[in-house]
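Q: this one's sequence-less:
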């Protein structure tokens, strides 16, 4: 407990934890103040995500590589997973998909680009392990194909009809199992059979912070997850109304705002790694997290929708989201191809993200 | 003749030759047993393809490089060509195109991926000549563009109308000639002007098997080609009915089953090369065969349709096939970029093939 | 003045300057002879472009790097800019966009491919600075995404409606500013912070020709620009009618003929560099000029359309043009990836251009 308190004292981000009780109070006292709920739940999720991330690292630092890898895969994107589960239970499949696609794009473009830029402003050129970057880019490429092919192969006129719906459903389950399998084999490859090619970055082990004792870590994990789940319920409820108030399109909120908030803690680690010339860490967090979401979180959500969702959810995204994921994957793959970086590489990658954000922000509501 | 018999004794695949007489017997005695015809003709084509392949190698090993290259281009995919010609004569243009596209995708994804996987399971990492892989990937890229551009540039509403049909026809002839020209120049480049960059793999000369005497080789070539042609007629006739019996979509049969059967002999060589750590051979067969089909077989079929088909055939494929060829080319090009391989690279490439196969298998009949 | 005359005597291309007075005479005496106007204005633009190009180099050779780079960006594609401005004033937005897209494609495919081929026919293999090629390819990639994303993200049904038009307009302005910013940062990167990675090619300083005195250069610049502007008016007026006479589709004229004419002077420099084994120069001119048009000329035209055009022009191109730019960028990026070249690389790149030219030439008029 002392470790937890000292952590809170040290890290100003965690002072936002005060939002957690406030959001519940506001929710029960002013049930109609959607915009307030939205802002408070945003403010509450950020520090909870940071706590979760630290607790996860502490747990995985105690276990062996294989178990640690599995835990990391399950817990690493816990915030995104819990937010998505809240939306899944509410049947808000569009929000689920927007947050999944948004997280992939934010990690591959914003987190990677900003790391390159921040690192490059301090260091003339930076080098990193391109084998590891290539593996993640390859996994992302596979996931993007899995999302792209179904809609590309089925002719447009099959969009309606029950046969098409049944097809889309069966295919989604099949593809989900395939992606989880690929993810598991990828871990086997990088953690077991060919681990000598993968540098220290593959652990993503915080940056020099001391791990907590296992009891505290597990306790924090359990308690914080429950809080994230509760706050996410408020968040999912309020996000649509709040978007209208701010004059933002739902697409922009789901794709950009939620993704940046959900990934705030990881971004802090990635940026600090880049400034310290540990670009391996930044690239590992950015691409590793993106491929985790694409090959693990998204398929698991599809399979879980059979258990906890009102109806099964498919793996089919709207075409615009597929195009953005495809471009993000291609950009990341081109940008990390050489294993070297300078500030302008970061600018180029960030510009692609800016183009997406600008387009979604200006999108007329009818399209959103 | 003795060489032929000893080859048959040595190679269990050739025992399937017994299917050849049986398929003709079944066809004349039970003309309605489509499923039986389909299975027997499949069983007959595999050993005939193996014989053809060995005979071709024996012939080309006797000639100089330029003539040998030309012969290889003409004969190397003789099975695919003869099957496609039978479908062309029957006016089954959809089957022709499915088998061409399917062969390209099967070679670039299944043959290449399985070679990487099988080789990688035995050897920790494997190296191969990336210059050669790049040339083939470049040729494939060009062919895919030639197939993609016409449909992408013409607006959707031009799909009907006689002007559009005439345009598509003229363009197909022009593109076909262009592709054959590119293929010829590619041979000139790899066999003549810059041959020092291309390793031994470019000959694809079997693996250590002794070539037959030229007389036997030419005789086998002639006789077996006639048999393949006859069996293909039965095959093309029966494939649609058989697909229904098995509950497979025609798209799956044309794209996956036919392609794997037609390439069985080459696959055996490629996989055995990979196990023997001769990955140059495997990559050469897989990509070389794919670019042969894309830049030589497909355009020749378009030009031949003016002579032997009921109506001219265009080079325009259905959008799903173009997307799959595009993704296959891109995947092959990314996977062979580094000139090194490990088992997981094979898994990634095979997964892409599995995604295609699964989508086509589940496709509702209306779309097939 | 003597320098100017000696230049004219030395360079047979400049003898075409005789077309300049003739085109004005023809225009006032035979106002209906559109085909004649078209041919004469083509003949007049080529030598004027050559003069402009030489004058620009002379001016930039006198200034420092940063100012020189800015001047180069503004003046380097002056011909294209002035032609496009004439079309912009006339409200011929389709022609403006066709000439911009055509110039990008002609530079990345025709100029680059022909340089590789011509250089490769003389030299067995050639090497060049791949860092510089990568920067330009990265900038082009960004520009292509900026043109692709808006139309891909907006659903098809939003094509009509005033909301969609307003969206497209606002987005175009935003993207234009973004692209100009990226271009400026790219110059900062290559000319200032990381100039050691960029070889001599980045100046594109002619090939060994002696620069003119600054007075002559500035005078030529001013006078010739006015002439190009006047001739362009005639050209834009006559191009549609002339296309009909020659049986060419307007798409072919705008995309292929105009682009090749507008870039004639630069092409001459690029090809001569390739023959002299100075491939850095050729690649620099080809890709540098393409990214200049994509990230500077095109956005500036969009912004200028608010001042001098009858209505604002958007940055949205027709889908076929976007596909061609995307493929051209991808081709250039793959072809320049290794930093080495041989004649067959040039053939492959040129073939892609030929496919585009053939498709546009055969396009039925309804689609053009």
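A: It's in. These numbers come from a predicted model, not from an experiment. Residues are numbered from 1 along each chain as shown, chains lettered A, B, ... in the order given.

Q: which parts of the stretch 51-200 of chain A sit against chain C?
A: A:124-125 (Cβ under 8 Å from any Cβ of the partner chain). In this view, the C-beta of every residue, glycine as well, is placed from N, C-alpha and C.

Q: give me the below-cutoff pLDDT ranges for the stretch 51-200 of chain A.
A: A:63-74, A:76, A:153-162, A:199-200 (pLDDT under 70).

Q: quick one, strands of it?
A: Ranges of strands within the stretch 51-200 of chain A are A:126-127, based on DSSP state E, counting those that start in this stretch.

Q: all helices of it, in order?
A: Under the criterion DSSP state H, counting those that start in this stretch, helices of the stretch 51-200 of chain A are mapped to A:65-75, A:78-89, A:93-105, A:112-122, A:130-153, A:162-188.

Q: nearest to residue A:18, of these?
A: Within these, the stretch nearest residue A:18 is helix A:78-89; the backing value is 18.5 Å (Cβ to Cβ).

Q: I'd like the helices of the stretch 51-200 of chain A as JSON lines, with mean neighbour count and distance to residue C:87 appended.
A: Listed next are these as JSON lines, based on neighbours: other Cβ atoms under 10 Å in any protein chain shown; distance: least, Cβ to Cβ, whole Å:
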{"stretch": "helix A:65-75", "mean neighbour count": "17", "distance to residue C:87": "56"}
{"stretch": "helix A:78-89", "mean neighbour count": "25", "distance to residue C:87": "49"}
{"stretch": "helix A:93-105", "mean neighbour count": "26", "distance to residue C:87": "37"}
{"stretch": "helix A:112-122", "mean neighbour count": "22", "distance to residue C:87": "36"}
{"stretch": "helix A:130-153", "mean neighbour count": "23", "distance to residue C:87": "36"}
{"stretch": "helix A:162-188", "mean neighbour count": "18", "distance to residue C:87": "45"}
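
Q: nearest to residue B:126 among the ones you listed would be which one?
A: Using Cβ to Cβ, the helices of the stretch 51-200 of chain A put helix A:130-153 closest to residue B:126, at 15.2 Å.

Q: what's that closest one packed up against?
A: Packing partners of helix A:130-153 (3 or more Cβ pairs under 8 Å, 6 or more residues apart in numbering or on different chains; DSSP states H and E): helix A:162-188, helix A:279-292, helix A:319-335, helix B:319-335, helix B:343-362.

Q: out of those, deepest packed?
A: A comparison of those by mean neighbour count, using mean count of other Cβ atoms under 10 Å in any protein chain shown, puts helix A:279-292 on top with a mean of 27.

Q: give the buried residues for the helix of greatest length in chain A.
A: If you go by DSSP state H, chain A has its longest helix at helix A:214-246. Buried residues in helix A:214-246, counted by 16 or more other Cβ atoms under 10 Å in any protein chain shown: A:216-217, A:220-221, A:224-225, A:227-240, A:242-243.

Q: export the helices of the stretch 51-200 of chain A to TSV and tack on distance to residue A:27?
A: Listed next are the helices of the stretch 51-200 of chain A as TSV, based on distance: least, Cβ to Cβ, whole Å:
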stretch	distance to residue A:27
helix A:65-75	27
helix A:78-89	14
helix A:93-105	18
helix A:112-122	33
helix A:130-153	35
helix A:162-188	34
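
Q: wait, residue A:146 touches residue A:317, no?
A: No - taking contacts as Cβ atoms under 8 Å, residue A:146 lies outside contact range of residue A:317: 10.7 Å.

Q: for chain B, see how far away the residue sitting nearest the centre point of chain A is.
A: When Cα atoms, centre = their mean is applied to chain A, the residue found nearest the centroid is residue A:103 (4.0 Å). From residue A:103 over to chain B the distance is 22 Å, taken as Cβ to the nearest Cβ, to the nearest Å.

Q: correct me, but that residue touches residue A:293?
A: Yes - with contacts counted by Cβ under 8 Å, residue A:103 reaches residue A:293, the gap being 5.1 Å.
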